[in-house]
Each structure stands twice: as structure tokens, then as C-alpha cells.
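>>> Can you look at this prediction? I've put the sequence above it.
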Amino acid sequence: MVNADPMTALTNSTVIAVIVTYHPTEVTARLLGTLAQQCARVLVVDNGSAATELAQLRTAAQELDTASDIEFLELAENTGIAHAQNVGIQRAIELGATHVLLSDQDSAPAPDMVAQLLPSVADPQVGAAGPYIAENKPGGDELVYVSRKWGPRRASSTELATPEVTAAFLLASGCLIPVPVLQIVGLMNEGYFIDHVDLEWGLRARRAGYRLVVNTRAILHHSLGDSTVHLPGRPQPVHVHSPIRCYYLARNTIHLIRSGLLSRNWALGYVLWLGKYVAFNALLADQRSARSKYLVQGIADGVRGRFGPVGQAN
């Protein structure tokens, strides 16, 4: 657990990182070097980026001392984050991984993040461990979610002051999952495409009897959403995504509510959340016309039980 020697746990494990990229930047190039020093191998699953973008990332990887530990898996188009993660997970298992570390392309893990996380998943009752995520943008806050009566909520400062926090779910970036857990819980739900993928997997893991934990000694800086705004009377910032994400968040929230994975209180809490989300994006955010269009389409497809990418949902 958290008092175990991190280096001993690291020596006895084979951690393979899976980074999903889509229009990668120089931040992604730095991430490759950081994770290649902490993991046995790094798999870059590219979701249809431009050839020039991917070539630049390959060049950056080749310049690293750890270049031989980085493998690129190129997908011809944007297949969604869940499918790309599954491609990487399956390749990691083929390569003999004992643990898979998921990462977004814009994350900045501490040099010892993986070593700190490994002791947390030494407990067979722990299905996955995540880091203490601090948002690297103005107005950001800690992205650690715990269970409350009406659904996941941000952890309190008191909870974050403890070595380990039992989480409601874990954000995908920085999430360390033992391979045996993946074999029991299953892979990511590709029908969701993007948004709530990590939440849905976490709910399945908890239903299977596993705990999800955040090790507050493992640090990761990350960005969630395109920007943040503060509303009067609300202490936490509101994350503002691009208009098309309104489709996936609305649709997939309805899928979650209908999935049977939520308690009655959590289902009601997400109904309320969806109402507030629709009101904010349709009335207060920028590009309201485009957002409203995607919200209507997302709600309709959620009610109809459609999955997959927008425009191709079935």
C-alpha cells in the first residue's frame, strides 16, 4: 500500500504507458521523455493526426535516449479515445505488461509518479490508482473526485491531505491499472467515443468489487476542458469544452443514467447536472447556437440509445 517501498514495487512490475494523441504539441514530446524514464515501454496511439504533426513527434522521440522504448501505433482516423486506449492496452498486454498506465497527450507527470502509484495497486482490492491531479491553467483546481450522496464531487482539502483517497472514479490520464483487473472488468466502452469513458469504466470496476484510489504523493499536472469560467456563487470553476463535446457529454450522460451502473441518488444527481449543463451552454457560453444544436442532437441520440461518433451514431 502507500507505505510500501515504491522502488521495490517498480522493480517487480512491468508498466507500459499508453498515450492517446490527437494533434500533439511540444507538451506531448516532453511527456514521451518523462514516461519513457518511468515505464518499461511507451505506446503512442495516434488518432488520425496530420502527417506533419506525427512526423514532428516521431522526430522528438528519436532524439531521446529512451527512443528504443517508444512505439507508435497509427490509426487512420479519429476512432475515439476509448478505441485508441483499447488498441494500446491490447498491445501492452501482448508485450507482457503487468500494469497499464493511461495518459492524455497534454499531461505533465512528476518524475516519480509511476513509482508512487505502484504501491497503491499492490492491494488486490484496488482496481486502479490515480495521481493527485492539479490543473495547469488559470482558475484550475484539483481534479480528485470522491463519492457523495448525489454523485462524484471534488475531494475536500482534508481528504487531499491524506496519503490515499478512495475515489468515485479516476480521470484516465495518470490512471494505473493492473492487467488482471482489465481482464475482469473489461476494456473501455468504445461506444462512448469520448467523454465519461473513464467514469463508466470506473463504475464497472467498483461494481466488480474493486476500490479506486488516488495516491496524493503521485503528482500530475493536466488540463481538462478548453477553458474555465467562474460563475457567481460557485466556488469551483466551470469547464468549457468545444461545442461538439456538448453532444458527447449530453448523450453519454443519458447513457450513464440508463446503464444501471448508478445508484438512484446518483442517477437523479446526473439528471440535475445535465439540466444545468444544458442551461449553461445554451444560455451563457459562447457559440450558443452551435452548442444548442449539438445538445439537442446529443439528447435525442441518448434517448434513442445511439452510440459511436457524432453523425455516425448507431
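On my side now, so go ahead.

>>> Which helix or strand lies directly C-terminal to the longest helix along the chain?
Ordering each helix of the chain by length in residues (DSSP state H) puts helix 264-283 first. The helix or strand immediately downstream of helix 264-283 is helix 288-304, counting by DSSP states H and E.

>>> contacts for that following helix?
Contact with helix 288-304 is made by 243-255, 258, 278, 281-282, 285, 310, 313, as judged by CB atoms under 8 Å, 6 or more residues apart in numbering. C-beta: built from backbone N, CA, C; applies to glycine.

>>> Centre-most residue in the protein?
With distances taken as CA atoms, centre = their mean, A172 lies nearest the centre of the chain, 2.1 Å away.

>>> Same question for stretch 259-267: list its buried residues.
For stretch 259-267, a neighbour-count test (16 or more other CB atoms under 10 Å) marks 261-262, 266-267 as buried.

>>> quick one: which of those is nearest P163?
Nearest to P163 among the buried residues of stretch 259-267: W266, at 26.8 Å, using CB to CB.

>>> Tell me how far the spatially closest residue to N189 that is not a sequence neighbour lies from P131.
Nearest-residue entry for N189: E200, 5.2 Å, with adjacent residues in sequence omitted and distances by CB to CB, 6 or more residues apart in numbering. As for E200, its distance to P131 is 20 Å (criterion: CB to CB, to the nearest Å).

>>> Between the two, point out the one with more neighbours.
Shown here are E200 and P131; by other CB atoms under 10 Å, P131 has more neighbours (30 against 21).

>>> Contacts only, for the more buried one.
By CB under 8 Å, 6+ apart, the contact list for P131 reads 109-110, 113, 116-117, 174, 214-215, 218-220.

>>> Which ones among these lie within helices?
Counting by DSSP H, these contribute 113, 116-117 to helices.

>>> Just the CA atoms of the longest helix of the chain, as PDB, please.
C-alpha atoms of helix 264-283 as PDB (Å, rounded to 0.1, in the frame of the first residue of the first chain):
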ATOM      1  CA  ARG A 264     -30.900   6.100  -7.700                       C
ATOM      2  CA  ASN A 265     -29.400   9.100  -6.000                       C
ATOM      3  CA  TRP A 266     -26.500   9.400  -8.400                       C
ATOM      4  CA  ALA A 267     -28.900   9.000 -11.400                       C
ATOM      5  CA  LEU A 268     -31.000  11.800 -10.000                       C
ATOM      6  CA  GLY A 269     -27.900  13.900  -9.500                       C
ATOM      7  CA  TYR A 270     -26.800  13.400 -13.100                       C
ATOM      8  CA  VAL A 271     -30.300  14.400 -14.300                       C
ATOM      9  CA  LEU A 272     -29.900  17.600 -12.400                       C
ATOM     10  CA  TRP A 273     -26.300  18.100 -13.700                       C
ATOM     11  CA  LEU A 274     -27.400  17.600 -17.300                       C
ATOM     12  CA  GLY A 275     -30.100  20.300 -16.800                       C
ATOM     13  CA  LYS A 276     -27.500  22.700 -15.500                       C
ATOM     14  CA  TYR A 277     -25.000  21.800 -18.200                       C
ATOM     15  CA  VAL A 278     -27.600  22.400 -21.000                       C
ATOM     16  CA  ALA A 279     -28.700  25.700 -19.400                       C
ATOM     17  CA  PHE A 280     -25.100  27.000 -19.200                       C
ATOM     18  CA  ASN A 281     -24.100  26.000 -22.700                       C
ATOM     19  CA  ALA A 282     -27.300  27.100 -24.400                       C
ATOM     20  CA  LEU A 283     -27.600  30.400 -22.500                       C
END
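
>>> which residues are in contact with that helix?
Against helix 264-283 from outside (CB under 8 Å, 6+ apart): 149-151, 231, 238, 246, 249-250, 253-254, 256-257, 262, 288, 291-292, 295, 299.

>>> Now do that helix against helix 288-304, angle only.
Relative orientation of helix 264-283 versus helix 288-304 (axes from the mean of the first three to the mean of the last three CA atoms, to 10 degrees): 150 degrees.

>>> N47 reaches E53, doesn't it?
No - N47 is beyond contact range of E53, at 11.2 Å (criterion: CB atoms under 8 Å).

>>> quick one: which of those two has more around it?
N47 (21 against 16).

>>> quick one: that one from N281, how far?
From N47 to N281 the distance is 24 Å (CB to CB).
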